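Trainee: Please find the sequence and the predicted model below.
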Amino acid sequence: MSRPFTLLALVWAPFLSIFVFASQGDTSALHISSHLFALALLVPATVMVWRMRPEAPTSASRWILTFLSVTVPVAVLGHAGELAVAIQRLARDGWVNRDTADIWEHGPHVTISNVTIPAVMLSMLLTAALVVVSLRRRDPVPADRETSRVR
């Protein structure tokens with residue numbers, strides 16, 4: 001049961017950390033740090049999804065994990081691509097930590113983030129659904145509901 005919650009934390013933390021990084025400004029160092037943090041959590045999440053899928057106890061959790069086995073790696077690839085663009089920008093700025101707000105207006109970062117963001121959002125929804133399915137599986141059926149099924 002703890003594995004779905006661990007997966008939930010690994011997938012949701014990169015998104016929630018955006019607010020922490022963004023509140024400090026929009027510079028190359030913060031931007032690169034946010035992508036490194038996301039990758040440090042999403043890579044283990046990918047491995048966890050791939051390991052959990054064959055052992056899924058229900059067909060619903062198996063379907064959810066099948067979709068997650070696509071969306072989480074896409075999010076990893078997206079963050080890696082965005083990281084590469086952010087590092088290129090830092091190099092182009094002479095390795096000086098400058099404001100990079102314009103990176104969101106045009107160019108490859110925007111294109112890559114248009115894939116990354118939906119993959120992360122879908123992964124977040126799917127991990128929440130996986131936790132709900134796992135919790136429902138653990139709940140015992142009350143005696144009065146069980147007898148009503150027999151009738």
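Mentor: Perfect, thanks for sending it. Numbers count the residues shown, from 1 in each chain.

Trainee: Show me which parts of the host helix or strand of residue 30 are buried, residue by residue.
Mentor: Following DSSP states H and E, one finds residue 30 within helix 28-52. Neighbour counts over helix 28-52 (16 or more other CB atoms under 10 Å) mark 28-35, 37-39, 41-43, 45-46, 48-49, 52 as buried. The way it works is simple: take the backbone N, C-alpha and C, and place the C-beta from them, glycine included.

Trainee: And that helix, how far out from the chain middle?
Mentor: Offset of helix 28-52 from its chain centre (CA atoms, centre = their mean, to the nearest Å): 8 Å.

Trainee: Which strands or helices does it pack on?
Mentor: helix 2-23, helix 59-92 (3 or more CB pairs under 8 Å, 6 or more residues apart in numbering; DSSP states H and E).

Trainee: among the ones you listed, which is the most enclosed?
Mentor: helix 59-92 (a mean of 18; mean count of other CB atoms under 10 Å).

Trainee: going on from it, what's the next piece of helix or strand?
Mentor: helix 108-138.

Trainee: remind me which residues of the protein are low pLDDT?
Mentor: Residues of the chain that meet the criterion pLDDT under 70 lie in 1, 138-151.

Trainee: 80 instead, please
Mentor: By pLDDT under 80, the low-scoring segments of the chain are 1, 22-26, 137-151.

Trainee: List the contacts of the helix holding residue 30.
Mentor: 3, 6-7, 10-11, 13-14, 17-18, 21-22, 24, 65, 68-69, 72-73, 75-76, 79-80, 82-83, 86-87, 89-90, 93, 97-98, 100, 103, 123 (CB atoms under 8 Å, 6 or more residues apart in numbering).
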